[in-house]
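J.: What follows is a predicted protein model with its sequence.
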Amino acid sequence: MEIAEPTLDEFPRPRPSARVVLLDADDRVLLFHGHDPNRAEDKFWFTAGGGVEPGEDLRTAAARELCEETGVKIEPDALEGPLWRRRVAFSFEGRNYDGEEWFFLARLPTDAVIDTAGFTDLEARTIGEHRWWSCADLKETKETVYPVQLAELLPTATTWDGTLRAVR
């Protein structure tokens with residue numbers, strides 16, 4: 001009997017990411033609507049943010065990702081948090097990931113406009129739209145939103161007490 005050893009590609013790849021709960025003046029959160037290119041029918045909404053580069057700290061990654069995806073420039077030290085931490089196993093483009101997401105809070109500067117021109121080719125192919133969501137919108141939607149607790153968590157984000165919470 002032979003014991004089958006998995007290849008390195010079969011193990012989930014660790015993926016730390018830094019995400020931003022970007023709020024406008026009405027405390028609505030910006031979400032993107034996208035899909036896995038291998039499963040275009042499974043669409044979901046998610047916050048701005050993405051992978052942390054080697055040697056990059058979480059705050060710097062969050063600010064960089066926010067700027068790349070929205071055109072909004074915020075200094076890393078201006079981010080609040082991390083508010084939340086989410087562990088997630090997922091696949092994307094046929095690759096399995098062991099994700100650890102860290103969520104920071106930022107307020108949209110009054111003169112800022114969302115500009116997605118900085119999307120990567122992959123983001124441009126897989127993100128169809130973005131919009132601002134109120135807490136009521138999140139509670140009423142039947143669409144998939146990540147993190148799944150966002151409707152419950154959003155009201156507490158603006159009065160963060162410094163405690164890091166695990167979320168789903």
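T.: The structure has been received and is ready for your questions.
J.: how about the strands in the chain?
T.: Here the chain has its strands, by DSSP state E, at 13-23, 29-36, 39-46, 48-51, 80-92, 95-107, 127-133, 145-146, 165-166.
J.: hmm, who's touching the first one?
T.: Which is strand 13-23. 29-30, 46-52, 58-59, 61-62, 65-66, 70, 72, 79, 83, 95-108, 154, 157-158 (Cβ atoms under 8 Å, 6 or more residues apart in numbering). To be clear about C-beta, it is placed using only N, CA and C from the backbone, and glycine gets the same treatment.
J.: do the second one as well
T.: Defining contact as Cβ under 8 Å, 6+ apart, one finds that strand 29-36 is touched by 21-24, 41-48, 69-70, 91-93, 108, 114, 123, 126-133, 138, 145, 150, 154.
J.: Now the buried members of the residues you listed.
T.: Neighbour counting by 16 or more other Cβ atoms under 10 Å classes 21-23, 45-48, 69-70, 92, 108, 114, 126-127, 130, 132-133, 138, 145, 150, 154 among these as buried.
J.: what's the spacing between Val88 and Val145?
T.: Applying Cβ to Cβ, to the nearest Å, the value for Val88 to Val145 is 14 Å.
J.: would TSV of the strands of the chain with distance to Phe119 and mean pLDDT be doable?
T.: Putting the strands of the chain into TSV (distance: least, Cβ to Cβ, whole Å; pLDDT from 0 to 100) gives the following:
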stretch	distance to Phe119	mean pLDDT
strand 13-23	15	96
strand 29-36	10	97
strand 39-46	14	95
strand 48-51	11	97
strand 80-92	16	96
strand 95-107	19	96
strand 127-133	7	98
strand 145-146	18	98
strand 165-166	30	97
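J.: just so I know, which of the ones you listed lies nearest Gly118?
T.: Nearest to Gly118, of all these, is strand 48-51, at 11.0 Å by Cβ to Cβ.
J.: Buried residues in the closest one, which are they?
T.: 48-50.
J.: Of the residues you listed, which is the nearest to Pro37?
T.: Among those, and counting by Cβ to Cβ, the member closest to Pro37 is Gly50, at 15.5 Å.
J.: May I have the residues that are in contact with the closest one?
T.: 17-19, 61, 65, 68-69.
J.: Check Ser134 too.
T.: Counted by Cβ under 8 Å, 6+ apart, Ser134 has contacts 26-28.
J.: Noted, bye for now.
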